[in-house]
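Colleague: Give me coordinates for this.
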Amino acid sequence: MAEKDFEPGDPMGLVGVGVPEGEPDLMAECLVEEYVRLGTSDAQLLAIFKNPFFAGAHALYRARGEDHLKAVIERARAQWGRPRFTTTEVGGPDMAPHAPQRSEAPRQSRGAPRRRDSFTDSESTEA
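Modeller: Residues are numbered from 1 along each chain as shown. Have a look, this model is predicted:
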């Protein structure tokens with residue numbers, strides 16, 4: 001797995017830094033908006049804030065409380081709504097591994113054909 005032993009002073013180690021004069025409410029709004037737009041349910045979102053593994057979100061949960069975060073979630077839902085996904089099945093079991101059927105109608109062009117000899121010698125050598 002690791003090619004070398006862990007060193008406490010390793011400059012490539014992951015370090016989280018708190019910002020003492022940051023705006024916790026803005027951070028909560030940004031986190032909630034991101035998860036709402038990804039399609040996370042309200043229950044899943046609140047579970048993220050309750051989970052100590054998510055240090056930043058959990059710190060907001062401890063500092064602001066569940067009711068405040070529920071209000072932030074409600075505002076985000078009012079702005080972004082709930083994503084809706086639909087699944088459409090095409091064909092059925094009789095369509096499974098068959099090759100696509102070709103039409104006997106002539107193929108239509110999707111625009112004028114390009115002529116390869118339309119460039120002059122000076123245009124084709126310049127790059």
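
Colleague: C-alpha from now on. contacts and neighbour counts both.
Modeller: Noted.

Colleague: lowest-confidence helix or strand of the chain?
Modeller: Every helix and strand of the chain was ranked by mean pLDDT, DSSP states H and E. The lowest is helix 121-125, at a mean of 50.

Colleague: pLDDT below threshold where in the protein?
Modeller: 1-2, 4, 6, 12-19, 91-103, 105-127 (pLDDT under 70).

Colleague: quick one, helices of it?
Modeller: 24-37, 42-50, 55-64, 66-80, 121-125 (DSSP state H).

Colleague: quick one: which of these is nearest Thr87?
Modeller: helix 24-37 (19.1 Å; Cα to Cα).

Colleague: Need the CA coordinates for the closest one. PDB is fine.
Modeller: The C-alpha trace of helix 24-37 is given here as PDB (Å, rounded to 0.1, in the frame of the first residue of the first chain):
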ATOM      1  CA  PRO A  24     -20.800  29.900   9.400                       C
ATOM      2  CA  ASP A  25     -24.300  30.600   8.100                       C
ATOM      3  CA  LEU A  26     -22.900  31.200   4.600                       C
ATOM      4  CA  MET A  27     -20.900  28.000   4.800                       C
ATOM      5  CA  ALA A  28     -24.000  26.100   5.900                       C
ATOM      6  CA  GLU A  29     -26.000  27.500   3.000                       C
ATOM      7  CA  CYS A  30     -23.300  26.600   0.500                       C
ATOM      8  CA  LEU A  31     -23.000  23.000   1.900                       C
ATOM      9  CA  VAL A  32     -26.800  22.500   1.900                       C
ATOM     10  CA  GLU A  33     -27.200  24.000  -1.600                       C
ATOM     11  CA  GLU A  34     -24.500  21.700  -3.000                       C
ATOM     12  CA  TYR A  35     -26.100  18.600  -1.600                       C
ATOM     13  CA  VAL A  36     -29.700  19.700  -2.500                       C
ATOM     14  CA  ARG A  37     -28.600  20.200  -6.100                       C
END
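
Colleague: Could I get the buried residue list for it?
Modeller: Across helix 24-37, burial judged by 16 or more other Cα atoms under 10 Å covers 24, 28, 31-33, 35-36.

Colleague: Looking at the helices of the chain, which is nearest to Asp5?
Modeller: helix 55-64 (25.8 Å).
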